[in-house]
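S.K.: everything below, folded, please.
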Amino acid sequence: MPVRSLLTAAAIPVALLLAAFFAFVGYHKAFAPLAELAQHRVWTLALPEWLGRTIGWSELLLAAILLSIAVPRLRAWAGTAAALLVINQMAAAAVHWSRAETDALPQNAVLVALLVLVGLAARHRQKAVGETS
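M.R.: Numbers count the residues shown, from 1 in each chain. Below you'll find the model as predicted:
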């Protein structure tokens, strides 16, 4: 099996799990009461409420777009969603670091690594679709 196919085969279930995760956390950031978010040390509480809620909505949207990894013609969208979620996680890590919540940083690192895998698979597949034989 070519490396490209292995990468895609690994990335699809990872993208589905990431989509479920970001849908869950995005939903809570968008809709949960601030007191509940504070109990879970949600990083968006360091921002104005409207911006934190907007980030929750963006996570919901990007979670849905991650699902496009399963459709070969739409994989580039999954790669874009993964890249935007990497930026999201870098911001989250920066806030956790600034608040001395270093126990949250391994989760951010794992999410970034998995998002990079999805992004690479989407990029490789995009190249393969555009190649001529």
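
S.K.: any stretches of this structure with poor pLDDT?
M.R.: Residue ranges of the chain with pLDDT under 70: 1-4, 125-133.

S.K.: and the longest helix for it?
M.R.: The residue-count maximum for a helix in the chain (DSSP state H) belongs to helix 3-31.

S.K.: okay, now residue 90: neighbour count?
M.R.: Using other C-beta atoms under 10 Å, residue 90 has 12 other residues around it. Every C-beta, even on glycine, is put in place using the N, C-alpha and C of the backbone.

S.K.: find the nearest non-adjacent residue to it, please.
M.R.: Setting aside the residues directly before and after it, residue 90 is nearest to residue 112 in space (C-beta to C-beta, 6 or more residues apart in numbering), at 7.3 Å.

S.K.: and the closest residue to residue 97 other than its chain neighbours, what helix or strand is that in?
M.R.: Nearest residue to residue 97, sequence neighbours excluded (C-beta to C-beta, 6+ apart): residue 105, at 6.8 Å. Take DSSP states H and E as the rule and residue 105 turns out to sit in helix 105-130.

S.K.: cool, residue 52 as well?
M.R.: Per DSSP H and E: helix 49-66 holds residue 52.

S.K.: relative to residue 100, how far out is the nearest residue to residue 20 once chain neighbours are set aside?
M.R.: Sequence neighbours aside, residue 63 is the residue nearest to residue 20 in space, at 7.5 Å (criterion: C-beta to C-beta, 6+ apart). According to C-beta to C-beta, to the nearest Å, residue 63 stands 29 Å off from residue 100.

S.K.: same drill for the two, tell me which one is more crowded.
M.R.: Using other C-beta under 10 Å, the more surrounded residue of residue 63 and residue 100 is residue 63, with 22 against 7.

S.K.: so the more buried one is in contact with residue 16, correct?
M.R.: No - Residue 63 lies out of contact with residue 16 (C-beta atoms under 8 Å); the separation is 10.1 Å.
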